[in-house]
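Student: predicted coordinates and the sequence they were generated for:
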Amino acid sequence: LATDPARHGEIVKEALAFAQKGPQNYQSTSASETLNSNGHSSSASPQMAYFNKNDPQHRLFIGRLTLHAADISNPVHTSFEVASDWAIRVTTEFSKQAKREKELQLPVTSFMDGLDSEVDIAK
């Protein structure tokens, strides 16, 4: 999942790899065959971009990156009430998951365990 904090480093590393490559010359294939003024087909022009919108792997990564950025941006929300509300919701969900993992005798996700007070959450 793009919202899994354990994957943060991996997602950042992948984004940096795209950025470090710089813009690439991708051939536009969304309209790869277009008709010119003479009615003959012609290839679409190359486009300089960091991502190839026609590459399914690039498209999936952009979706994951966007979802991840939205997920981790909550603490900087301009309204403290909104950020606080979501922090409480997330930590409540984490606590419930850790409790359920214990009940099912599954390995407990360590960062989700012990979020029973605001002091514990702040740690």
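Tutor: Thanks, I have the structure now. Residues are numbered from 1 along each chain as shown.

Student: show me what residue 47 is bridged to.
Tutor: Beta-bridge partners for residue 47, by DSSP bridges, are residue 26.

Student: roughly how far apart are it and residue 54?
Tutor: Residue 47 is 10 Å from residue 54, where distance means Cβ to Cβ, to the nearest Å. All C-beta atoms are positioned from the backbone trio N, CA, C, and that covers glycine.

Student: go on, residue 8?
Tutor: Applying Cβ to Cβ to residue 8 and residue 54 gives a distance of 28 Å.

Student: and what of residue 72?
Tutor: Look at residue 72 and residue 54: by Cβ to Cβ, they are 28 Å apart.

Student: what are the ranges of the helices in this protein?
Tutor: Ranges of helices in the chain, per DSSP state H, are 8-21, 56-72, 80-103, 118-122.

Student: looking at these, which is closest to residue 111?
Tutor: Closest to residue 111 of the helices of the chain, according to Cβ to Cβ: helix 80-103, at 7.4 Å.

Student: could you list the buried residues of the closest one?
Tutor: Judged by neighbour count using 16 or more other Cβ atoms under 10 Å, the buried positions of helix 80-103 are 87, 90-91, 94-95, 98.

Student: what sits up against that helix?
Tutor: Helix 80-103 has contacts (Cβ atoms under 8 Å, 6 or more residues apart in numbering) with 74-77, 107-109, 111-116, 121.

Student: can you list the helices of the chain in TSV and add mean pLDDT?
Tutor: As requested, the helices of the chain are arranged in TSV below (pLDDT from 0 to 100):
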stretch	mean pLDDT
helix 8-21	86
helix 56-72	87
helix 80-103	86
helix 118-122	71
